[in-house]
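A.B. asks: 3D, please:
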Amino acid sequence: MEAVFVAGVFDVARLMTAAASQPVQREALLALMDKVCGVAPRELDDAWAAWRAGRAAQAVSMIHSLRGSIGTLGASVFTATARELEAAIKAGAATDRLFGAARRELQASVDAAQAWLACQPRLASAAPVADGAALARWKTLVAGRDIDAVTDYPHMRSALASLGPARAAAIDQAMARLDFPAVLSALGELPQKEHS
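C.D. replies: Okay, the predicted model is just below:
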């Protein structure tokens, strides 16, 4: 039985229609959805912990970022609650009940997305190893907030690993949130190869 879209909870029909004729872009979007679903609940828990620790501005920033990531999955019910939660935190009126509602709505979206993803045909991974020029090109795409940065990301992972595990992990987490400024920050200066 194929999973279906649920209005307000999970609906990426328009997003996937745009990538339907481009298998590599479609695969990159599926991989990005996998990544978002894997980190989103933990990110909301981290925002809750920041709020409980009195770091309201950090909690608002984290929820705002999460709202954007999950919003790409058509999760309008969660995004509305997240918007309400952001406002409540700013006003000093947030409650554990509101965080609980956001958790339930987020989990419903993640569950629906994962069920749908499990039914999707996937391309075999045949990612070429990226060289320095490809990595520099990718950085330019990230700086321009170009959708091709998302499409090319799976192919960049081997090159990004050469930057060290901490930087690669930071880039991976930022890409899951589609936080291009954080990706650029983690990328920093790329190593230059000497020409002979």
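
A.B. asks: how far is the lengthiest helix in the chain from where the chain is centred?
C.D. replies: The residue-count maximum for a helix in the chain (DSSP state H) belongs to helix 23-52. How far helix 23-52 lies from its chain's middle: 5 Å, per CA atoms, centre = their mean, to the nearest Å.

A.B. asks: please apply the same query to stretch 94-107.
C.D. replies: Using CA atoms, centre = their mean, the offset of stretch 94-107 from its chain centre is 20 Å.

A.B. asks: circling back: report the rounded mean pLDDT for the longest helix of the chain.
C.D. replies: For helix 23-52, mean pLDDT is 88.

A.B. asks: likewise for stretch 156-167?
C.D. replies: 76.

A.B. asks: and that stretch, what's buried?
C.D. replies: 156, 159-160, 163, 167 (16 or more other CB atoms under 10 Å). From N, CA and C alone the C-beta is placed, and that goes for glycine too.

A.B. asks: follow-up on the earlier one: helices or strands up against the longest helix of the chain?
C.D. replies: The elements that helix 23-52 packs onto, with contact taken as 3 or more CB pairs under 8 Å, 6 or more residues apart in numbering; DSSP states H and E, are helix 13-19, helix 56-71, helix 96-118, helix 147-161, helix 165-176.

A.B. asks: would you format these as a markdown table with distance to Ala80 included?
C.D. replies: Formatted as a markdown table, the helices and strands packed on helix 23-52 follow (distance: least, CB to CB, whole Å):
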| stretch | distance to Ala80 |
| --- | --- |
| helix 13-19 | 19 |
| helix 56-71 | 9 |
| helix 96-118 | 9 |
| helix 147-161 | 25 |
| helix 165-176 | 22 |
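
A.B. asks: separation between the nearest residue to Leu160 once chain neighbours are set aside and Gln25?
C.D. replies: In space, Leu160 comes closest to Ala168 once its chain neighbours are excluded; the distance is 4.8 Å by CB to CB, 6 or more residues apart in numbering. Between Ala168 and Gln25 the computed distance is 23 Å (CB to CB, to the nearest Å).
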